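Undergrad: Sequence first, then the predicted structure, then my questions.
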Amino acid sequence: MAEDNHFLGKFQIHGFPPAPQYETKFDVCFDIDVNGILNVSTVELGTQLRNQISIVSDHGRLPKEEIQRMINEAEGFKAEDEEYRRSLEAKTLSRRALVQHLSKKPLIRNLLDSRTGFLVKEIIDFSKLVS
């Protein structure tokens, strides 16, 4: 998962128009060349805005044996990681569906009893916070 990754670098794409939550789409391409340089490029599909970065990291590079050990370890956790990924995906899809549906149907929120309505509002607020 993302928290297990090593930070290599970052870049941002600016200038695309505001869009409803979850509706901005990007294509992201990762490429490692023969010299071990990581090239990352993105395209925002609505505006075709592009950005790219090349990351060279000679310091702190791991020896081949350590890399192989990490690969073997990752293979051992593959099923567990896949289950965790599916769980996160399901939560994200549920949250997205709830936010999209309720944001378009304010009358539904008014019809709910106060306890349920409060819970739904909390879920929507939390969803906006973590997205």
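TA: Looks like it came in fine.

Undergrad: Could you point out which residue ranges in this protein have low pLDDT?
TA: Within the chain, the stretches with pLDDT under 70 are 1, 57-61, 102-121, 124, 126-131.

Undergrad: Against residue 78, how distant is residue 14?
TA: Noted for residue 14: a distance of 37 Å to residue 78, by CB to CB, to the nearest Å. Every C-beta, even on glycine, is put in place using the N, C-alpha and C of the backbone.

Undergrad: How far does stretch 15-27 stretch from one end to the other?
TA: 16 Å (CA to CA, to the nearest Å).

Undergrad: ah, wrong one, I meant stretch 10-30
TA: 13 Å.

Undergrad: residue ranges of the helices in this structure, please?
TA: With helices called from DSSP state H, the chain shows them at 64-76, 78-104, 106-111, 114-130.

Undergrad: which residues touch residue 64?
TA: Taking CB atoms under 8 Å, 6 or more residues apart in numbering, we find residue 64 in contact with no residue.

Undergrad: begin at 16 from here
TA: Sounds good: first residue 16 from here, last item residue 79.
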